[in-house]
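how does the following fold in three dimensions:
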Amino acid sequence: MGFEVNIAGHAGGGLASYLGENNYGNRTDGKPNPWFAVPGLEKYWGTDTFVSEALTLEAIKALDHAKEYNQPFFLYMAHYAIHVPIDKDKRFYQKYINKGSTPKEAAYAALIEGMDKSLGDLMDWLDKNGEADNTIVIFMSDNGGLSSEPEWRDGKLHTQNSPLNSGKGSAYEGGVREPMIVRWPGVVKPDTKCDKYLIIEDFYPTILEMAQIKHYKTVQPIDGISFMPLLTHTGDPSKGRSLHWNFPNHWGNDGPGIGPTCTVRKGDWKLIYYYDSGKKELFNIPEDIGEKNDLAALHPDIVKSLSKELGDYLRKVGGQRPSFKATGKPCPWPDEIK
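Numbering: from 1, shown residues only. Model (predicted):
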């Protein structure tokens, strides 16, 4: 699905700089730009406009234009915050210094507050334009918080997402568990909570159902399941369902749960398989959300069952797996290791 308007988006997956003073990483000397240079915000070059604010201002302009058509609109607001580099957002940075935060953690907190302000500004636009009661707002993240790079975070490594273990890039909950908030006046009851699990693939069929789009064709199979029943309290699509992750490559950082892995979550149980070593870990997530107690040795039957399910799934979908450099042979599937 394409977008009619692309605001400063590119294929790099990150950014070179949050700072308008630095032209968001773009060069002006005729030399090639860095891969992560932010495109499309030239009007803010040389100003003190933080990229989170620039994106918000441009998004509001796009909403103003969309409203002129008096038709439904879809805004996908994917902030660069809080990706590295953790530049200082001067609007909020000093407040956290005054509260006693270290410079690194103050900069991290300021990025979060800048993103929070952006969401507030967008919701204010909905209120001012009479669209608040007619608009669904979904807020979520793509992965857990960064906890493996001392260049950007202070404190003991891999603990910044406590009580969750580890962080971004990890198969542990600190890497794959994110918050999600849905605001849907008249449908989602305010101040309610849901502890059922879902996965990013579920957003596509859910948004289509929200938009009451029933007849459509896609080139690829739809892997997700609509989580509308969770929002309307009419069912539980997580019941009896397994979630699968496959990360068959080296991310670049080290830490707990970081590396070539594949994982399955089914009910209370979560199995992690490490391709390089063949190690398997089993956790009961509701009882041990910090994944401190590996129960694989106590429940070999569950390990065997989940290993088979995970191996069958990966083969079915054509999942990739790494190979050993020494032999060139592929690493075993999880059900090929006892």
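
check what pLDDT residue 1 gets.
In this model, residue 1 is scored at 46, pLDDT.

beyond the longest helix along the chain, next helix or strand please.
The helix spanning the most residues in the chain, taking DSSP state H as the definition, is helix 103-128. Reading on from helix 103-128 to the C-terminus, the next helix or strand found by DSSP states H and E is strand 137-140.

ok, and what's touching that next one?
With CB atoms under 8 Å, 6 or more residues apart in numbering as the test, strand 137-140 has contacts from 119, 123, 126, 178, 179, 180, 181, 182, 183, 184, 203, 207. C-beta coordinates here come from the backbone N, C-alpha and C atoms, glycine included.

if you set the cut-off to 6 Å instead, what comes out?
The set of residues external to strand 137-140 that reach it, using CB atoms under 6 Å, 6 or more residues apart in numbering, is 178, 180, 181, 182, 183.

filter the residues you listed down to the buried ones.
residue 182 (16 or more other CB atoms under 10 Å).

can you list which of the contacts of strand 137-140 are found in strands?
180, 181, 182, 183 (DSSP state E).

does the first one have beta-bridge partners, and which?
Right, residue 180. According to DSSP bridges, the partner residues bridging residue 180 are residue 140.

roughly how far apart are it and residue 122?
Distance, residue 180 to residue 122, by CB to CB, to the nearest Å: 17 Å.

again with the second one
Between residue 181 and residue 122 the distance, using CB to CB, works out to 13 Å.

likewise the last one?
Distance check for residue 183 against residue 122: by CB to CB, it reads 11 Å.

next, the closest residue to residue 189 other than its chain neighbours: phi, psi?
Residue nearest to residue 189 in three dimensions, not counting chain neighbours: residue 233, with 8.0 Å by CB to CB, 6 or more residues apart in numbering. For residue 233, the backbone dihedrals are phi 60, psi 40 (criterion: degrees, to the nearest 10).

burial count for residue 233?
Neighbourhood size, residue 233 [other CB atoms under 10 Å]: 11.

please apply the same query to residue 188.
Using other CB under 10 Å: residue 188 sits among 17 other residues.

tally of neighbours for the closest residue to residue 10 other than its chain neighbours?
Leaving aside its chain neighbours, residue 10 sits nearest to residue 39 (5.4 Å; criterion: CB to CB, 6+ apart). By the other CB under 10 Å criterion, the neighbourhood of residue 39 contains 15 residues.

isn't residue 39 up against residue 9?
No. Residue 39 is beyond contact range of residue 9, at 7.9 Å (criterion: CB atoms under 6 Å).

report the buried residues of stretch 258-269.
Buried positions in stretch 258-269, judged by neighbour count with 16+ other CB under 10 Å: 258, 259, 260, 261, 262, 263, 264, 265, 266, 269.

and the pLDDT for the second one?
Residue-level confidence at residue 259 comes out at 96, pLDDT.

number the residues from 58 up from this point.
In the new count, where the first residue is 58, that last one comes out as residue 316.

give me the distance between it and residue 143.
In this structure, residue 316 and residue 143 are separated by 24 Å, where distance is defined by CB to CB.

repeat for residue 285
Computed with CB to CB, the distance linking residue 285 and residue 143 is 37 Å.

neighbour-wise, which of those two wins?
The neighbour comparison of residue 285 against residue 143 (other CB under 10 Å) goes to residue 143, with 23 against 18.

contacting residues for the more buried one?
Shown here is residue 143, whose contacts under the criterion CB under 6 Å, 6+ apart are 164, 165, 209.

mind doing that once more with 7 Å?
If you count contacts by CB atoms under 7 Å, 6 or more residues apart in numbering, residue 143 has them with 161, 164, 165, 168, 209.

and it, what element?
Using DSSP H and E, residue 143 sits within no helix or strand.

what pLDDT does it get?
With respect to pLDDT, residue 143 scores 97.

one more: residue 391?
Predicted confidence (pLDDT) at residue 391: the value is 98.

if I look at it, how far off is residue 335?
When distance is defined by CB to CB, residue 391 is 9 Å away from residue 335.

cool, and residue 148?
Plainly put, residue 148 is 49 Å away from residue 335 if you go by CB to CB.

residues contacting residue 262?
Under the criterion of CB under 7 Å, 6+ apart, the contact partners of residue 262 comprise 279, 281, 282, 283.

for it, helix, strand, or coil?
Counting by DSSP: H, G, I helix; E, B strand; the rest coil, the backbone at residue 262 sits in helix.

the closest residue to it other than its chain neighbours: what's it in contact with?
Closest residue to residue 262 apart from its sequence neighbours, by CB to CB, 6+ apart: residue 283 at 4.4 Å. Residues in contact with residue 283, defined by CB under 7 Å, 6+ apart, are 259, 262, 263, 266.

settle this for me: the third one is touching residue 284, isn't it.
By that I understand residue 263. Yes. Under the contact definition of CB atoms under 7 Å, residue 263 touches residue 284, with a separation of 5.2 Å.

ok, the residue nearest the centre of the chain to residue 343 distance?
Among the residues of the chain, the one closest to the centroid is residue 199, at 0.5 Å (CA atoms, centre = their mean). Taking CB to CB as the measure, residue 199 falls 24 Å from residue 343.
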